[in-house]
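[1] Next come a sequence and a model predicted from it.
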Amino acid sequence: MPAATPGTPSLLRAMNDRAALELLLTHGPLSRTRIGHLTGLSKPTASQLLARLEAAGLVVATGTDGGRPGPNAQLYALNARAAHVGGLDVTPDRVAAAVCDLTGEVVGSFELPYREGSDAVEQVTEALGKAVGAAGLRRTDVHRLVIATPGAFDPQTGQLRYASHLPGWHSPTLLDELAAALPMPVEYENDVNLAAIAEQRLGAARGHEDFVLLWNEEGLGAALVLGGRLHRGWTGGAGEVGFLPVPGHPLVRQVTRANTGGYQELAGVQVLPRLARELGIAMPEAFGAPDGFGAPEGSPAAGGNAAADGPQVALGVALLERAAARPQGAFLRFLQSYATVLATGLASLVAVLDPEIVVLSGAAIAAGGEPLRALLEAELAELAPSRPRLVPGEVRERPVLRGALESALSTTREEVFDTSRRR
C-alpha cells in the first residue's frame, strides 16, 4: 500500500494512534474521556481510536475508574504483550540476558557464567534462550535484541576492537554467524554507551543534551552524548578513555596489544590496594591479602589482567565503601588521592567536550559515594577550564543491561506504534 501523504486521513489517524499509545505508556491506564482531553480529540474520535487500537492488539480494556461520581468509566492500557525485546550484557566472566515487555517490565532473565571453550554464538543463544524460557516465551517472540560488549564492533570491518580480553568474540565471521543463529534483528553496542542510554532515559541524564558518563568498574570508560545523540566515532571507539596518555604515568605504547593505557594504569580499580597500602590502610578482612596486593608495580599480579578483574573490583569497592563511610584521616587522604588520579583523565574530556554534566557510574565510583564525588568535582575544577556538575548515576541495578533493553525498546516502539504499517 502506498505510504500516507501529509494531510491525508490515514496519516492523521496514525499520528493520533501514536499520541494515544505514548500517553498510555507514560500515564498508565486512562479512560476514553481522559485520552480525548489529553489529545484534544472529540469523544467519538477517541472512541474510534480506542476501538482501532484494541482490534490491532495494541491496547486492552483493564477495569474501570470508580473514583468519581456517575457511571464507572472503562479504562484502557497499553498491551504490554504486544512486543518483547531482549538485551545481553557480555563480560569476560559471564553473559547476562533479560527480556522485557513493551512497557519495559523485565519478564525473564538469566546469567550464564563463562565456560572455557564455549564460543560467542553458543553463549548468546543459550543465555537468551534461558531468559526467554523464564518469561514463558519463544525466541521468535522477541522483536529485537541488543548485545552489549566491551569495546566496539568496527563498522568498516565488522570485527570487535578495543576488547582483546573478551574470549571468543574476535572471529571475522562472528556477526554473520550470530545473524544466522538468531531469528530477530540484532544490534551491537558498547557497554558504557548503553549505561549512558539508561541514564538518559531513566536516570540522572534525563533532560540533558550534552553529557559525559564516566564508567569505572572492570575498566575505565566513557560515553559521549552530544546534542542528545551518542557519539561513537569513526571506528566505534569514542570514549575508550582507558587508553588516554596522562601525566602521572609513563607512556604505554602499543596500547591495543597491551589492552591498557595510561589512564587505566593510573586510575583503574587495580590501583586502589596500592593507594591504601601507602596510607597504612589495612585490607578488609574478607579479602585478606589478595593477589596483587603488595606486588611490585609492573608485575603481572599488580596489573589489570582480565582473570583478576572480578576480585579487583570487589576489593576496590570494599575499600571505597569503607573510606566513604568514615571520610577522615587516612580514609580521607585515600579518597583525595583517588579523586586526583580520576580527575587527571577526566579533565581532558571536559576540556574538549565542555559537557553540561558528568554522570559517574560503575561499581567503583558508586562505592565512593558523595565524599568521592565532591572531592572529584573540586579536583576537576582545578584542572579543567569549565566546571560541569558531577552527578551520581541513578540506574544502579545492571545499568548496561537496562540500557540494552531501553535501546531495543526505543526502536521497537517506533515500529509497533506506527499503525500506518498495519494497513
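    Alright, I've got the coordinates.
[2] for the helix or strand of the chain with the lowest mean pLDDT, which positions count as buried?
    For the chain, the helix or strand with the lowest mean confidence is helix 255-258, at a mean of 77 (criterion: mean pLDDT, DSSP states H and E). Of the residues in helix 255-258, residue 255 count as buried by neighbour count, 16 or more other CB atoms under 10 Å. C-beta here means a position set from N, CA and C on the backbone, and glycine is covered the same way.
[3] how far is that helix from where the chain is centred?
    Distance, stretch centre to chain centre, for helix 255-258: 25 Å (CA atoms, centre = their mean, to the nearest Å).
[4] Now it - C-alpha only, CSV.
    Taking Å, rounded to 0.1, in the frame of the first residue of the first chain, the C-alpha atoms of helix 255-258 are listed here in CSV:
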residue,chain,number,x,y,z
VAL,A,255,48.0,0.0,23.7
THR,A,256,45.7,-2.2,21.8
ARG,A,257,48.1,-5.1,22.2
ALA,A,258,48.6,-4.4,25.9
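[5] what does it contact?
    Here helix 255-258 makes contact (CB atoms under 8 Å, 6 or more residues apart in numbering) with 161-162, 164, 243, 252, 261.
[6] Apply 7 Å and report the result again.
    Contact partners of helix 255-258, identified using CB atoms under 7 Å, 6 or more residues apart in numbering, comprise 162, 243, 252, 261.
[7] hmm, which two among those residues are most spread apart?
    Of all pairs drawn from the contacts of helix 255-258, the one with the longest distance (CB to CB) is 162 and 252, at 13.9 Å.
[8] out of these two, which sits in the more crowded spot?
    For residue 162 versus residue 252, neighbours defined as other CB atoms under 10 Å are more numerous around residue 162 (24 against 19).
[9] right, and that one touches residue 236 too?
    No - with the criterion set as CB atoms under 7 Å, residue 162 and residue 236 do not qualify as a contacting pair; they are 8.2 Å apart.
[10] neighbours around residue 77, how many?
    For residue 77, the count of nearby residues is 17 (other CB under 10 Å).
[11] On the pLDDT front, check it for me.
    Note on residue 77: pLDDT of 95.
[12] ok, now residue 67?
    pLDDT recorded at residue 67 is 60.
[13] What ranges in the chain fall below the confidence cut-off?
    Within the chain, the ranges that satisfy pLDDT under 70 run 1-7, 66-71, 288-309, 422-423.
[14] Regarding it, what is its longest helix?
    Looking only at the chain and at elements set by DSSP state H, the helix with the highest residue count is helix 329-353.
[15] Other residues contacting the helix or strand following that one?
    Heading C-terminal from helix 329-353, the first helix or strand you meet, by DSSP states H and E, is strand 357-361. Here strand 357-361 makes contact (CB under 7 Å, 6+ apart) with 195, 199, 204-205, 208, 211-215, 346, 373, 388-393, 399.
[16] which of those count as buried?
    Neighbour counting by 16+ other CB under 10 Å classes 195, 199, 204-205, 208, 211-215, 346, 373, 388, 390-393, 399 among these as buried.
[17] Mark which of those are part of helices, please.
    Judged by DSSP H, helices contain the following of the buried ones among the contacts of strand 357-361: 195, 199, 346, 373, 399.
[18] ok, residue 416 touching residue 81?
    No - counting by CB under 7 Å, residue 81 is not a contact partner of residue 416; they are 11.4 Å apart.
[19] Between the two, which is the more surrounded one?
    Counting neighbours by other CB under 10 Å for residue 416 and for residue 81 shows that residue 416 has the greater number, 22 against 14.
[20] where's the more buried one relative to residue 354, distance?
    Between residue 416 and residue 354 the distance, using CB to CB, to the nearest Å, works out to 38 Å.
[21] try residue 182
    Using CB to CB, one gets 40 Å for the distance from residue 182 to residue 354.
[22] which one of those two has more residues nearby?
    For residue 182 against residue 354, the residue with the higher neighbour count under other CB under 10 Å is residue 182, and the figures read 18 against 13.
[23] Now residue 52: which helix or strand?
    Using DSSP H and E, residue 52 falls within helix 43-55.
[24] That helix: which residues count as buried?
    Buried residues in helix 43-55, defined by neighbour count with 16+ other CB under 10 Å: 46, 49-50, 52-53.
[25] Alpha carbons of that helix, as PDB, please.
    Coordinates of each C-alpha in helix 43-55 appear next as PDB, following Å, rounded to 0.1, in the frame of the first residue of the first chain:
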ATOM      1  CA  LYS A  43     -15.300  11.700  22.200                       C
ATOM      2  CA  PRO A  44     -16.400  10.000  19.000                       C
ATOM      3  CA  THR A  45     -12.900  10.200  17.500                       C
ATOM      4  CA  ALA A  46     -11.300   9.000  20.800                       C
ATOM      5  CA  SER A  47     -13.800   6.100  20.800                       C
ATOM      6  CA  GLN A  48     -12.900   5.100  17.200                       C
ATOM      7  CA  LEU A  49      -9.200   5.400  18.000                       C
ATOM      8  CA  LEU A  50      -9.500   3.000  21.000                       C
ATOM      9  CA  ALA A  51     -11.600   0.600  19.100                       C
ATOM     10  CA  ARG A  52      -9.000   0.600  16.300                       C
ATOM     11  CA  LEU A  53      -6.100   0.100  18.700                       C
ATOM     12  CA  GLU A  54      -7.900  -2.600  20.600                       C
ATOM     13  CA  ALA A  55      -8.600  -4.500  17.400                       C
END
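[26] wait, residue 150 sits on residue 164?
    No - between residue 150 and residue 164 there is no contact, the gap being 9.6 Å when judged by CB under 7 Å.
[27] Which of the buried ones among the contacts of strand 357-361 fall in strands?
    Restricting these to those inside strands, with DSSP state E as the criterion, leaves 211-215, 390-392.
[28] Tell me the one of those residues nearest residue 85?
    Looking across those and measuring by CB to CB, the closest to residue 85 is residue 213, at 22.1 Å.
[29] So what sits opposite that closest one in the bridge?
    Applying DSSP bridges to residue 213 gives these bridge partners: residue 223, residue 359.
[30] what's the closest non-adjacent residue to residue 336?
    Leaving out its chain neighbours, the residue that sits closest to residue 336 by CB to CB, 6 or more residues apart in numbering is residue 375, at 5.7 Å.
[31] what about the one you found, which helix or strand?
    Residue 375 belongs to helix 363-383, assigned by DSSP H and E.
[32] what angle separates that helix from strand 357-361?
    For the pair helix 363-383 and strand 357-361, the angle between their directions (axes from the mean of the first three to the mean of the last three CA atoms, to 10 degrees) equals 150 degrees.
[33] Show me what helix 363-383 packs onto, helices and strands only.
    Counting contacts by 3 or more CB pairs under 7 Å, 6 or more residues apart in numbering; DSSP states H and E, helix 363-383 packs against strand 211-216, helix 309-325, helix 329-353, strand 389-392.
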